[in-house]
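Peer 1: curious how this folds, go ahead:
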Amino acid sequence: MVCDGRGRPLRLHLTEGQRSDHKGAEALIPHLPHARVLIADKAYASRWMHQSLEQRAITACIPAQRQRRHLPEYDPVTYRQRHRIENMFAKPKDWRRIHTRYDRCADIFLAAITFAAIFIFWINES
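Peer 2: Numbering: from 1, shown residues only. Here you go, the predicted structure:
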């Protein structure tokens, strides 16, 4: 999921539960909106992620994993805004249909998440 600066979802991509986060990020990166900064957790701290963001002139605010030799710079003050992303993931889980994952079909589950996101973040704010 990609969100804007106010914590509203902009792009959704559903992957299998056992699939790496990098596969989802790989699918979303070409469709990123015009952004200046991308805030992500340590799971996305890879060389190819930093390179692809650099090619798009997006500053990566991703802390490095401890085992890496080369630790890329990131702004810890900007990284504190990541709580908006966590809140964005938490709000749709208040909907029983989503947190219990009633829908086994991926298309229907993605539609339920999309509907919840539209209702929670876009209609309620108007």
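Peer 1: what score does residue 124 have for pLDDT?
Peer 2: Looking at residue 124, its pLDDT is 65.
Peer 1: which residues of the chain fall in strands?
Peer 2: 2-3, 9-11, 37-39, 59-61 (DSSP state E).
Peer 1: reformat these as a markdown table; add mean neighbour count and distance to residue 24.
Peer 2: Glycine gets a C-beta too; all of them are placed from N, C-alpha and C. Below are the strands of the chain laid out as a markdown table (neighbours: other CB atoms under 10 Å; distance: least, CB to CB, whole Å):
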| stretch | mean neighbour count | distance to residue 24 |
| --- | --- | --- |
| strand 2-3 | 18 | 10 |
| strand 9-11 | 16 | 10 |
| strand 37-39 | 19 | 14 |
| strand 59-61 | 18 | 17 |
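Peer 1: okay, those strands in JSON lines with distance to residue 68 next?
Peer 2: As requested, the strands of the chain are arranged in JSON lines below (distance: least, CB to CB, whole Å):
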{"stretch": "strand 2-3", "distance to residue 68": "24"}
{"stretch": "strand 9-11", "distance to residue 68": "27"}
{"stretch": "strand 37-39", "distance to residue 68": "18"}
{"stretch": "strand 59-61", "distance to residue 68": "14"}
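Peer 1: of all these, which one is nearest residue 105?
Peer 2: Among those, the nearest to residue 105 by CB to CB is strand 9-11 (20.8 Å).
Peer 1: do you know how far residue 88 is from residue 46?
Peer 2: Going from residue 88 to residue 46 by CB to CB, to the nearest Å gives 23 Å.
Peer 1: comparing the two, which residue is more hemmed in?
Peer 2: residue 88 (20 against 17; other CB atoms under 10 Å).
Peer 1: my read: the more buried one touches residue 3, true?
Peer 2: Yes - under the criterion of CB atoms under 8 Å, residue 88 makes contact with residue 3 at 5.1 Å.
Peer 1: my read: residue 41 touches residue 82, true?
Peer 2: Yes - contact criterion CB under 8 Å: residue 41 and residue 82 qualify, at 7.0 Å.
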